[in-house]
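[1] Give me coordinates for this.
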Amino acid sequence: MTSTTLPLSNNRVAHYVEQGHGEPLVLIHGVGMQAGAWYPQMSELSRDFRVIAVDMPGHGASTALDANAGLQQFVAWAIEFIEALNAGPVNLAGHSMGSLIAAGVAVTRPDLVKRVAVLNGVYRRTGEARDAVLQRAAELRSGTIDIETPLKRWFNAEEAQQVAAQRVEAWLKSVDLAGYATAYTAFARGDEVYADGWHSIACPALVLTGSDDPNSTPEMARQMAEAAHQGRAVVIDNERHMVNLTAPEAVNRALRAWLDTEPLAETLKSEV
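    Prediction:
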């Protein structure tokens, strides 16, 4: 595995790790995490693909965006990063906040995306759910970080899940609080920004979540998949928000099936 710092505009950098060779697969993690949060996918998928896991702005070793950056600015950052890779259209997957970014890129720059995958994404939250995430965003901006609550929400008491929980806890404790707050605020306000654009996504689109994820619900996944031209919803039973860590075999199988899906020709889209 190699670690690279890629210069971007305005004296910013994007840090990423990569492993393997072949068709590029770019992975964008969720709020509070870092590129290493994709370790089960990098290990497996790098056998056949060039897997590139990038630190989101303000996370890991990537430069933060302006404190008032919204989802559109995170999408613009991802577009610049993909263009700077100079690898042609990429397979693009995101988890949680990363999935909002991935979908935004697929909507606004379809020429850069061969396939898109959304893991534990959000789509048109209820008013109550939106108020709850906005409250958490406000707490982060005030300098308060609650690690225990999300850990209890994301993981059960099984030993394997607690091993993953310990890694997540370490990432949350090491994240830059200002960068975390900026990204979380964009996440809290971002569930409808590109929602209408799902109807324009023509490439193969995987939308995956856990059956027990109360915020990235199976119904949201089905709605996104149904809106896309070539969408497929996958719901993994008895799993929660960090499904790529707690059910890596199932997630990797779904990702491989998605990566094996050929984009439909323009003339065939109406038949899907």
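[2] Any stretches of this structure with poor pLDDT?
    Scanning the chain with the threshold set as pLDDT under 70 gives 265-272.
[3] cutoff 90 now
    143-146, 160, 263-272 (pLDDT under 90).
[4] how about the helices of it, start to end?
    Taking DSSP state H, the helices of the chain run over residues 39-45, 71-85, 97-108, 127-141, 148-154, 159-174, 177-188, 218-227, 243-246, 248-259.
[5] Dump those helices to CSV, plus mean neighbour count and distance to residue 203.
    Placement of C-beta: from N, CA and C, glycine included. CSV is the format used below for the helices of the chain (neighbours: other CB atoms under 10 Å; distance: least, CB to CB, whole Å):
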stretch, mean neighbour count, distance to residue 203
helix 39-45, 19, 18
helix 71-85, 19, 14
helix 97-108, 26, 7
helix 127-141, 15, 28
helix 148-154, 14, 29
helix 159-174, 15, 30
helix 177-188, 23, 23
helix 218-227, 19, 13
helix 243-246, 26, 21
helix 248-259, 18, 10
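[6] And those: which comes nearest residue 210?
    Nearest of the helices of the chain to residue 210, taken as CB to CB: helix 243-246 at 4.5 Å.
[7] what's the closest one packed up against?
    Helices and strands touching helix 243-246, by 3 or more CB pairs under 8 Å, 6 or more residues apart in numbering; DSSP states H and E, are helix 39-45, helix 159-174, strand 204-210, helix 248-259.
[8] For residue 45, give its distance to residue 222.
    Noted for residue 45: a distance of 25 Å to residue 222, by CB to CB, to the nearest Å.
[9] hang on, the earlier thing: possible to save the helices and strands packed on helix 243-246 as a markdown table with distance to residue 67?
    Output for the helices and strands packed on helix 243-246, formatted as a markdown table (distance: least, CB to CB, whole Å):
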| stretch | distance to residue 67 |
| --- | --- |
| helix 39-45 | 30 |
| helix 159-174 | 20 |
| strand 204-210 | 30 |
| helix 248-259 | 33 |
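[10] Chain neighbours aside, what residue packs nearest to residue 43?
    residue 19 (8.0 Å; CB to CB, 6 or more residues apart in numbering).
[11] The one you found reaches residue 47, doesn't it?
    No - counting by CB atoms under 8 Å, residue 19 stays clear of residue 47, with 9.5 Å between them.
[12] With neighbour numbers in mind, choose between these two.
    residue 19 (16 against 11; other CB atoms under 10 Å).
[13] ok, how many other residues are close to the closest residue to residue 226 other than its chain neighbours?
    Leaving aside its chain neighbours, residue 226 sits nearest to residue 233 (7.7 Å; criterion: CB to CB, 6+ apart). Neighbourhood size, residue 233 [other CB under 10 Å]: 20.
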